[in-house]
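# sequence unknown, structure follows:
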């Protein structure tokens, strides 16, 4: 058996040490988009968690939204109490999370100051999160996601258009 990439091992170790019911899976076709992730996992698009890094007054935030919605920067800035939230660039994503863009897992995080989760994710029995590469995802209960990330539940999203 081939070892998983280091970032995936980091996520797997974090989940194991947290003793939550979860499973990390590898998908040979990759999960480069939320739609591809939903197809690979065999779940609804809304069960895919997009992990988005925002810069907010020099702070790094992680915003978790369903795959069928977009994060609303105005809602994020209000929740974070900053003047303007904007999507972080690739270098800021790596610095804040320790993961490459497109492969961001919601834990463990290098330098994220606050995590927000969109309330729509809590309506599902399980959700799928990135697990450190574009080919790996983890499935877990939304309540465990909130607990492990110490996230604040907010209305963070808007409908995809």
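On my side now, so go ahead. All values derive from a computational prediction rather than experimental measurement.

# End to end on stretch 42-59, go ahead and measure it.
End-to-end distance for stretch 42-59: 35 Å, by Cα to Cα, to the nearest Å.

# Find out how far that stretch is from the centre of the chain, if you would.
How far stretch 42-59 lies from its chain's middle: 5 Å, per Cα atoms, centre = their mean, to the nearest Å.

# the helices in the protein, which residues?
For the chain, applying DSSP state H gives helices covering 6-18, 34-41, 73-80, 90-97, 142-149.

# need these in a markdown table with distance to residue 60 and mean neighbour count, can you?
Any C-beta I mention is one placed from the backbone N, CA and C, and that applies to glycine too. What follows is the helices of the chain, written out as a markdown table (distance: least, Cβ to Cβ, whole Å; neighbours: other Cβ atoms under 10 Å):
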| stretch | distance to residue 60 | mean neighbour count |
| --- | --- | --- |
| helix 6-18 | 17 | 17 |
| helix 34-41 | 22 | 18 |
| helix 73-80 | 11 | 18 |
| helix 90-97 | 4 | 18 |
| helix 142-149 | 13 | 18 |
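
# Distance to residue 127 and mean pLDDT added to those helices, as CSV?
Listed next are the helices of the chain as CSV, based on distance: least, Cβ to Cβ, whole Å; pLDDT from 0 to 100:
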stretch, distance to residue 127, mean pLDDT
helix 6-18, 13, 96
helix 34-41, 10, 95
helix 73-80, 19, 96
helix 90-97, 18, 97
helix 142-149, 5, 97
